[in-house]
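S.K.: Just need the structure, nothing else, for what follows:
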Amino acid sequence: MWIDLYTKSEGRICVLAKGIKNVKSHLHGKIELFSLIELSLEKRNSYIIKGIVAKNYFLDLRKSPEKLSFASAILEITLALLPEGYKSNQYFELLKNTLNELAISKKEILIMYAFQIKSLCLLGYLTDQKICSKCNQKFNTDLFLDCNNYSFYCKDCHQTETQNTVNLSLNTLKILNFLQKSPFSEIQKLALPTKKILDELSILITQLNIFEYRALKSFKFLQDLHEQKVLYTQHTQSPRYCLKLN
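M.R.: Below you'll find the model as predicted:
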């Protein structure tokens, strides 16, 4: 069986796990989704798994359909964003820390947005923005993201640039920069943003068109859960907003 992995030393690779479905194999049952493992690899024409030591299966991710769907989306995003052979220790740590935080967090939507924003920043699609990309003036009102060159413009400069833009509030920009720069320990302390801000973040990410979000099965499942009102908190009965696909 061929398996996609993201490793610390080799980045994203496709490996051959011989006999993994055989119950008598020493590899059987040792590779699970969302698991942190140590591998012994042999490299010939391709990578072949020779041994596995499990470090963390993140079992809490399997305790709710919501956590499971967010974790699945994280893996789907990784496969969609990163070509085979891409290598970054920072991305490995981000992936590991995200799954760890997602397993224990009650603010899954914040962890999910933070992962996406941090990923896009690591790959160079987004940067920490406080000033207009054209006039270099500090933002003091609503702004616009150019989805063609991933630049931020103030209202005046936006009128002279491309029209393929997303309108963002100043508060959304502050949340965007906070999620990009802050560790998960600080993100956990953040109150859940308003629906308007979450919707703007969702639109921003989907409109970048780096890949087709509608094709991700995990996001469709989250949307179905949301429509069935499963994503409601037990105490407040307020909706836990999921990612919009429109």
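S.K.: Could you use CA atoms for every contact and neighbour count after this?
M.R.: Noted.
S.K.: Contacts for the lengthiest strand in the chain, please.
M.R.: The residue-count maximum for a strand in the chain (DSSP state E) belongs to strand 47-56. The contact list for strand 47-56 (CA atoms under 8 Å, 6 or more residues apart in numbering) reads 13-18, 26-27, 30, 35-42.
S.K.: From these, list just the buried residues.
M.R.: The neighbour-count test (16 or more other CA atoms under 10 Å) marks 13, 14, 15, 16, 17, 27, 35, 36, 41 as buried among these.
S.K.: Using CSV, write down the CA coordinates of stretch 12-20.
M.R.: C-alpha atoms of stretch 12-20 as CSV (Å, rounded to 0.1, in the frame of the first residue of the first chain):
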residue,chain,number,x,y,z
ARG,A,12,6.0,15.3,2.0
ILE,A,13,6.8,11.8,0.6
CYS,A,14,4.9,8.8,-0.7
VAL,A,15,6.0,5.6,0.9
LEU,A,16,5.4,1.9,0.3
ALA,A,17,4.1,0.0,3.4
LYS,A,18,4.5,-3.7,2.3
GLY,A,19,2.1,-6.1,3.9
ILE,A,20,0.4,-3.5,6.1
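S.K.: contact partners of it?
M.R.: 1-7, 25-29, 46-49, 82-87.
S.K.: show me what contacts the residue lying closest to residue 146 once chain neighbours are set aside?
M.R.: Nearest residue to residue 146 in three dimensions, chain neighbours excluded: residue 165, at 4.5 Å (CA to CA, 6 or more residues apart in numbering). Residues counted as contacts of residue 165 (CA under 8 Å, 6+ apart) are 144, 145, 146, 147.
S.K.: that's a helix at residue 42, yeah?
M.R.: No - counting by DSSP: H, G, I helix; E, B strand; the rest coil, residue 42 is not part of a helix but strand.
S.K.: about what we covered before: which members of the buried ones among the contacts of strand 47-56 occur in strands, if any?
M.R.: When DSSP E is applied, the buried ones among the contacts of strand 47-56 are split such that 13, 14, 15, 16, 36, 41 fall in strands.
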